[in-house]
Structure formats: structure tokens, C-alpha cells
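Student: Provided below are the primary sequence and the corresponding predicted coordinates.
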Amino acid sequence: MGEKTEKLLSILKLQPVVPVLIVDDVKSGVLLARALVAGGLKAIEITMRTPAALDTVRAVAQEVEGAEVGAGTILDAKQWDAAIAAGSKFVVSPGATQELLDAASASPVPLLPGAATASEVMALRDEGYKVLKFFPAEQAGGAAYLKALSSPLAGTLFCPTGGISLKNANDYLSLPNVICVGGSWVAPKELVAAGDWGGITKLASEAAALKA
């Protein structure tokens, strides 16, 4: 687990914000990934919420230089296997089940499992996980809640995701137990639909400049 933790940390430390993307077609997904990488956001999470998601992971892994692409919203072992086969460098889940943890334990690819309570964090710590996704961040209590976990659950790092924007990102990034945040604001639907890749690169540059 130690080696996989280091591998995950090396990806999450690339930038203060990991884009969390919902993609509708492969072509725009690749162009979007290139725009984000150009702005300094190399680690990219593509969520498995659309029919095009898995093929987009594969295309970004093969075609976008500098991108560290991961698959998000992975819920079970079947999805895990598909994400790994597509070339995911890391995998993200909103929570954790024993089935998913068993699939992850048999793979060299690191998992970023989700947790929203102290008990969930403790259970994942027992499984050897030191880096977790705090989800849904704002709805589960926000930065104040996560700060309260920092002392009793020292040694655990988080990537908060859910309801985070440019306005409140620093509330999380200033916490000692936060390594980065996940956010969708760097890829607004209207800019993607318009093909405004320059606008997305600008948003990515602003996010990359935040203090991690």
C-alpha cells in the first residue's frame, strides 16, 4: 500500500485543483483535457457518468501529452477493471465497498476512496488508506468539519470534492490535512459547448495558481 500511496500523492501534488469532468463525447473530452493541461492542471478525473466517459479516458491517456488521467465515480469491481483497461493512472470513488477495496488491493493502480464521516475514515485507515476523498465536501460540513478531523485523525490527507469553487477553494487548501481539491468549475458546460478552449485554459491557470 505504501508504494501506491506514494504514486497517488505524486499525482495529486501536481496541482492544487484536480478537474472533475463530465464528458459527453470523446473529441471534446480530448480537447478539454489538452486545454486543462495547457493551463497547468495535469491530473484530470473523468467521471463515469456518461456513455463516452470510458472511451475518453482511453483517448486522453493515449493522445494528451502530460495528462495524468484518472477515472471517477467508480462504484464496483467491474467498473474498476474497465477503468484500468482504459489506461487510468488513478481511480476515484465517492465511497468505498469491500468489493471495490478488494479490486483495488489486487491492482498496482492507486484508489482515492471517498469518506464523509470519522467512522468511514477510520475504516479506510484500517485498510491502509492514508489519502482519501472527502465527499460531498460542502454538503458534509465543509472546511470547518474537515478541520475538526485534522487532530483526531492526524496523518490522513484529503482531496475534498463537491461544491468547491474558486471562491471557497482556499478555505480547504489552507487546512493542514488537505493535499488538493477536486472541482468542476474549471470546465464550465457553456465553455465546453462553445469550444472555448482558451477560456478553459485561463480558468485552469487561475486554479493552478492557488496555494496548495
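Tutor: Nice, I can see it.
Student: which residues touch Val64?
Tutor: Going by C-beta atoms under 8 Å, 6 or more residues apart in numbering, Val64 touches Val30, Ala33, Arg34, Val37. All C-beta spots, glycine's among them, are computed from the backbone N, C-alpha and C.
Student: for Val20, that is, sorry about that
Tutor: Glu45, Thr47, Gly72, Thr161, Gly182, Gly183, Ser184.
Student: circling back: most neighbours among the contacts of Val64, which one?
Tutor: The residue in the contacts of Val64 with the most neighbours, by other C-beta atoms under 10 Å, is Ala33 (29 neighbours).
Student: measure it to Ala209 for me?
Tutor: Taken as C-beta to C-beta, to the nearest Å, the spacing of Ala33 relative to Ala209 amounts to 19 Å.
Student: any low-confidence regions in the protein?
Tutor: Where the chain drops to pLDDT under 70, the residues are 212.
Student: try it again with 50
Tutor: Across the chain, no stretch falls below the confidence threshold (pLDDT under 50).
Student: could you give the separation of stretch 68-83 from the chain centroid?
Tutor: With C-alpha atoms, centre = their mean, to the nearest Å as the basis, stretch 68-83 stands 12 Å off its chain's centre.
Student: can you check stretch 186-205 too?
Tutor: For stretch 186-205, the distance to the chain centre is 18 Å (C-alpha atoms, centre = their mean).
Student: quote the end-to-end distance of it.
Tutor: Here the two ends of stretch 186-205 are set 9 Å apart, with distance taken as C-alpha to C-alpha, to the nearest Å.
Student: just to revisit the earlier point, can you put the contacts of Val64 in TSV and add secondary structure and distance to Ser174?
Tutor: Output for the contacts of Val64, formatted as TSV (DSSP: H, G, I helix; E, B strand; the rest coil; distance: C-beta to C-beta, whole Å):
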residue	secondary structure	distance to Ser174
Val30	helix	34
Ala33	helix	28
Arg34	helix	31
Val37	helix	26
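Student: between these, which sits nearest Asp24?
Tutor: Val30 (12.5 Å; C-beta to C-beta).
Student: show me where this structure has helices.
Tutor: With DSSP state H as the definition, the chain shows helices at residue ranges 2-12, 26-38, 53-63, 77-85, 98-105, 118-126, 142-149, 169-173, 189-194, 197-208.
Student: do you know which of those helices lies nearest Leu111?
Tutor: helix 98-105 (4.0 Å).
Student: could you name the helices and strands sitting against that closest one?
Tutor: Contact here means 3 or more C-beta pairs under 8 Å, 6 or more residues apart in numbering; DSSP states H and E; on that basis helix 98-105 packs against helix 77-85, strand 111-112.
Student: residues making contact with the last one?
Tutor: It refers to strand 111-112. Counting by C-beta under 8 Å, 6+ apart, 4, 8, 12, 70, 90-93, 100-101, 104, 129, 131-133, 159 sit against strand 111-112.
Student: so the nearest residue to Gly162 once chain neighbours are set aside versus Ala209, what's the distance?
Tutor: The shortest distance from Gly162 to any residue that is not its chain neighbour, by C-beta to C-beta, 6 or more residues apart in numbering, is 3.2 Å, and that residue is Pro136. Counting by C-beta to C-beta, the gap between Pro136 and Ala209 amounts to 25 Å.
Student: having no further points to raise, I will conclude here.
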